[in-house]
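*Asks:* Sequence and predicted structure, then a few things I'm wondering about:
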Amino acid sequence: MHWRVGLEGYEVMARHGYFDHEHQDEQPFVFTVWVAFDRAGPITELDESINYADVQAAIDAVVLHATAPIRLLEDMAQRIIERLNQPPFVSSVTVRIEKPDAPLPHPGGLPVVEAVWTSS
């Protein structure tokens, strides 16, 4: 059976962005992360699955505990993927990051980056 475990709409306030002025004040980053895996038979133990608390902890480790501002959302997504793709049964990780307060030329639109990793 194919399974997906995720965390949707997780908002984190942090100081990241390409421009130096984005590092002055916190701004919202909204995460939706899905981890997919295949397991035959019933899942009755947490170590047979993905713990969505671990998904949240991976985001926190990357975003809240970064030693320096992360300039690109693509880099941020990659770092989250690298924390979640370690169990050998994981077949894919999808990370979507929304940055509602990103600097744009004029109002309108929701800046989003989405990365999808799949096992070889």
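*Replies:* That came in fine, so what should we check first? Residues are numbered from 1 along each chain as shown.
*Asks:* alpha carbons only for contacts and neighbour counts from here, please
*Replies:* Noted.
*Asks:* So for stretch 62-73, first residue to last residue, what's the gap.
*Replies:* For stretch 62-73, the first-to-last residue distance is 11 Å (CA to CA, to the nearest Å).
*Asks:* Report the rounded mean pLDDT for that stretch.
*Replies:* Averaged over stretch 62-73, pLDDT sits at 97.
*Asks:* Show me how far that stretch is from its chain's centre.
*Replies:* Stretch 62-73 sits 12 Å away from the centroid of its parent chain (CA atoms, centre = their mean, to the nearest Å).
*Asks:* repeat for stretch 27-44
*Replies:* How far stretch 27-44 lies from its chain's middle: 11 Å, per CA atoms, centre = their mean.
*Asks:* Residue nearest the middle of this protein, spatially speaking?
*Replies:* Nearest to the centroid of the C-alpha atoms of the chain, with distances taken as CA atoms, centre = their mean, sits Val95, at 4.4 Å.
*Asks:* Assess the claim that it and Ala77 are in contact.
*Replies:* Yes: between Val95 and Ala77 there is a contact under CA atoms under 8 Å: 6.0 Å.
*Asks:* can you list residues touching both of the two?
*Replies:* Taking CA atoms under 8 Å, 6 or more residues apart in numbering as the criterion, Val95 and Ala77 both touch 114-115.
*Asks:* who touches the helix or strand containing Asp60?
*Replies:* Element membership for Asp60, per DSSP states H and E: helix 52-63. The contact list for helix 52-63, computed with CA under 8 Å, 6+ apart, reads 5-7, 10, 12, 14, 33, 76, 79-80, 83-84.
*Asks:* Out of those, who's the most crowded?
*Replies:* For those, the largest number of neighbours (other CA atoms under 10 Å) sits with Val33, at 27 neighbours.
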